[in-house]
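have a look; sequence and predicted model below, questions after that.
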Amino acid sequence: MITIGMLHHRKEPETVMKAYAFAAVAEAEGAKFFYFSPGEVNLVNRTIRGQVYEKGKWQTKIMPFPNVIYNAGSPEKLSKSKEIINQLRKEIPFTTYSIGNKWSVNRRLKEAKDFASYLIPTEVIKDSDHFMTFIAAFEKVVIKPIDGRKGKGIFFIIQEVNRFSVRGDGSNKNYTVAQLNAFIKQKLSQGTFIIQPYIESVTKSGQVFDFRLHVQKNGEGEWVITTIYPRVAPKGSIIANINSGGYTNYLEPFLEQEFKDDAFNIKKKLEYFSLSLAKHLDELQIEKYGEVIDEIGIDIGMDQDLKLWIYEVNWRPGCPPAFYLELDVVKNTIKYAMYIANNQQAIQQKIRAAKRRGAKKEQGTPIIAITGSAGKTTTKAFLSSILSKKWNVFESKDYWNTTEHTKKHAAEINSSHQAVVLEYGMAYPGVITEHCQIIQPNMSIVTNVGLAHVGNFNGDPRGVAKAKSELIHGMDQSGVLCLNRDNDNSRFLETQNFKGKTITIGIKKPADYRAYDIKYTDQGMNFKMKLQNEEIELFIPIFGEHHVYNALSAIAIADHLGFSPMEIKTGLLFKKPPRRLTIYNCKDNITMIDDTVHSHPEGVRAALDVLTNLAKHRTIAIIGQMRELGDIREREYRKLGDYIQQQGIDLLITYGFRTEEIGEQTKRQGMPAQNIYHFTDREKLHDLLSNLIKKDDTILIKGASKTNMFETVKFIDKKYGDN
């Protein structure tokens, strides 16, 4: 006869109501049953002082170790007896294992990919700035404690015009930006919170609903559906949790009422989904821990397009009393306990087979190299941010793109990294070839071919393209290459003999990944694109159409690697590289734009576009020297002067050797001479700015690091910063 021991953190079974049901069902199924807590285990004698239910009451008896243990206690409370429980696990099979909290289950499903498209993007809130970036992208969000239970501590927050609506804990308030920042900081001081976009799962009458899918293993060790039922919340509720005032309903009448002709298909979809996800999680638990699981509860929503979204996956879910399903749950648990007691050899074989399958699924690590005349660092930051949503990513530091840096990276990359994202910089022929000899990429991005370093190639962009083509020749020839269709000079790249897959991005020309409806917002750029046959609206927290190109390159690679649209959308909320169109909001409504890392003609024009799109009053452009233009410097400076006048810039200040040529051309095109200034002395430049800058001005400082234009940023910030 099989003996089943129920392990619980509570000492007395009278305090655990389901212990009675387990005792009764075990007897009916022909098994012995006793209840015990860790303190009653004698590891030396291999006995347990257990509680046996006989003649209507619990009797204390010394029991031999059982054939199987049903682990019914709280993992947190049982952790105090970790050594005892671990010893029991070595000798006795357990029916059930914790699958972790909301966050760990979410990450596990993301990494495994199969169900990633059903996951709502979820992030741990780092600080109030992180929260504000997230809500700027999604407008409606939910925040909740990472280990929350029974629907407590959940807040629904909507971004509205000049305010935020916050609902939760029985209240509904409107907050300003400052008040919301204080609210978020106060919540984070209490514990760890996660944030998700709000998925609208509502009935025809506007009530929030979700589905609970309860699945278990039966007496043959197979997954079966215990029940599927909808939970419906009163109007005005955030979630449909029963403990928050929600109520349950029967599945078929609910589906027929809400979905009519689609009811049967939705029922079948829910049934298939529940069993598929249970099997998938079981496989992941085996691969990761060598354990099998026996019961889960899945809470899912369904949006207006009938798409399913996973809200939560719960270990050992409760059953609603209204359905009298407790005995069904207990019956499956007891029968499964008897199954694993009798079939340990087969189960261990299954575990070994699953681990072998998991090992076979491991693929080569994506090694992605990024080069280009502009946009390398920002593209790298976008791509690393997306990939890190479910992988451990090695990302080169900002601006670490020399061959010496690549040698250091080669020594730091290890087997724990699931993806590698690197910048390959170059100023002369042969440099990128050396990069590829140190670390050969299997995926590559050429952001563009422009005029950076063109002076080192006799002023010919075809020479720059030839040097950039070293990445195409040096990468894995069966890999993936991403190119910019809108960049005219990219046509000179040597792609003819590349045998791998080429994907393209663009805005103006047809491309595999094309953005449209691009708009400036208060905090960055919005744009739309078709992704996986659906139109999706995306947001990046950085200004400029040129950064949409950088985002597109990252999106193309991430999509190729199997990331879902929602993972991509969340990953685009990246940490912006420093001094890349960084906005300073100064006193007297003065706005300063810091773009003082690199400078070349294309980058200056892109920064001027940002200046004119952000400014509501007077515009001031402070432009530093552009190095390495060689013989084309004069021509490019004149073209830049033309562009500045076309953009309607109010005041132009140039700084550095021969930059007065920009101003001279701007004057020839019609800008008044009194609005044009030139300096080679930084102190004199700063003296002018002290008298020139006025209320409501928007100021662009654009220059390469070598010209130290950041000193002017620091000067303006010190004098006009809103400290």
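Here it is on my side, so go on.

what about the stretch 51-200 of the chain, any weak spots by pLDDT?
Under the criterion pLDDT under 70, the flagged ranges of the stretch 51-200 of the chain are 102-103, 111-112, 148-151.

show me where it has strands.
Listed in chain order, the strands of the stretch 51-200 of the chain (DSSP state E, counting those that start in this stretch) span 57-64, 68-71, 123-124, 140-145, 155-160, 163-168, 171-175, 193-197.

do the same with the stretch 401-550 of the chain
Under DSSP E, counting those that start in this stretch, the stretch 401-550 of the chain gives strands at 419-423, 443-446, 480-484, 501-506, 513-520, 525-531, 534-540.

what helices or strands is the second one leaning on?
This means strand 443-446. For strand 443-446, the packing partners by 3 or more Cβ pairs under 8 Å, 6 or more residues apart in numbering; DSSP states H and E come out as strand 367-371, helix 461-474, strand 480-484, helix 545-560. The C-beta positions use only the backbone N, C-alpha and C, and glycine is treated the same way.

could you dump the last one to PDB, C-alpha only?
Spelled out, it's helix 545-560. Only the C-alpha atoms of helix 545-560 are listed here, as PDB (Å, rounded to 0.1, in the frame of the first residue of the first chain):
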ATOM      1  CA  GLU A 545      14.400  61.000 -37.200                       C
ATOM      2  CA  HIS A 546      18.000  59.700 -37.500                       C
ATOM      3  CA  HIS A 547      17.500  57.800 -34.300                       C
ATOM      4  CA  VAL A 548      14.400  56.100 -35.800                       C
ATOM      5  CA  TYR A 549      16.800  54.500 -38.300                       C
ATOM      6  CA  ASN A 550      19.000  53.300 -35.400                       C
ATOM      7  CA  ALA A 551      15.900  51.800 -33.700                       C
ATOM      8  CA  LEU A 552      14.900  50.100 -37.000                       C
ATOM      9  CA  SER A 553      18.200  48.300 -37.200                       C
ATOM     10  CA  ALA A 554      17.900  47.000 -33.700                       C
ATOM     11  CA  ILE A 555      14.200  46.000 -34.300                       C
ATOM     12  CA  ALA A 556      15.300  44.100 -37.500                       C
ATOM     13  CA  ILE A 557      17.900  42.000 -35.700                       C
ATOM     14  CA  ALA A 558      15.700  41.400 -32.600                       C
ATOM     15  CA  ASP A 559      12.800  40.300 -34.800                       C
ATOM     16  CA  HIS A 560      15.000  37.900 -36.700                       C
END
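
got the angle for it vs strand 367-371?
160 degrees (axes from the mean of the first three to the mean of the last three Cα atoms, to 10 degrees).

now the second one
For helix 461-474 and strand 367-371, the angle between their directions (the same axes, to 10 degrees) works out to 170 degrees.

could you check the angle strand 501-506 makes with helix 461-474?
Going by the same axes, to 10 degrees, helix 461-474 makes 140 degrees with strand 501-506.

residues of helix 461-474 that come out buried?
By 16 or more other Cβ atoms under 10 Å, the buried positions in helix 461-474 come out as 461, 463-472, 474.

closest one to Arg635 out of these, please.
Checking these against Arg635 by Cβ to Cβ gives Pro461 as the nearest, at 12.6 Å.

need the contact list for the nearest residue to the closest one once chain neighbours are set aside.
Spatial nearest neighbour of Pro461, chain neighbours left out: Asn489 (4.5 Å); criterion: Cβ to Cβ, 6 or more residues apart in numbering. Taking Cβ atoms under 8 Å, 6 or more residues apart in numbering, we find Asn489 in contact with 448-450, 461-462, 464-465.

distance to Gly56 added to these, as CSV?
Output for those, formatted as CSV (distance: Cβ to Cβ, whole Å):
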residue, distance to Gly56
Asn448, 82
Val449, 86
Gly450, 86
Pro461, 91
Arg462, 93
Val464, 89
Ala465, 88
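
quick one on the thing from earlier: in a markdown table, list the buried residues of helix 461-474 along with distance to Ile699.
Shown next, in a markdown table, are the buried residues of helix 461-474 (distance: Cβ to Cβ, whole Å):
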| residue | distance to Ile699 |
| --- | --- |
| Pro461 | 31 |
| Gly463 | 36 |
| Val464 | 31 |
| Ala465 | 35 |
| Lys466 | 39 |
| Ala467 | 35 |
| Lys468 | 34 |
| Ser469 | 39 |
| Glu470 | 39 |
| Leu471 | 37 |
| Ile472 | 40 |
| Gly474 | 42 |
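
among those, which one sits closest to Gln207?
Leu471 (55.4 Å).

which residues touch that closest one?
For Leu471, the contacting residues are 369, 371, 424, 432, 435-436, 441, 444, 446, by Cβ under 8 Å, 6+ apart.

any buried residues in stretch 252-271, and which?
254-255, 258-259, 263, 266-267, 270.

farthest pair in the residues you listed?
Going by Cβ to Cβ, the pair spanning the buried residues of stretch 252-271 furthest: Glu258 and Leu270, at 12.8 Å.

okay, now the unreliable bits of the protein?
Across the chain, the ranges flagged by pLDDT under 70 are 102-103, 111-112, 148-151, 236, 238-246, 319-325, 356-363, 452-458, 723.

if we use 50, what do you get?
Across the chain, the ranges flagged by pLDDT under 50 are 323.

check the secondary structure at the residue nearest the centre of the chain for me.
The centre of the chain sits closest to Lys389, judged by Cα atoms, centre = their mean, with a distance of 3.7 Å. State at Lys389, reduced to three classes by DSSP: H, G, I helix; E, B strand; the rest coil: coil.

just checking, it touches Gly562?
No: with contacts counted by Cβ atoms under 8 Å, Lys389 stays clear of Gly562, the gap being 12.0 Å.
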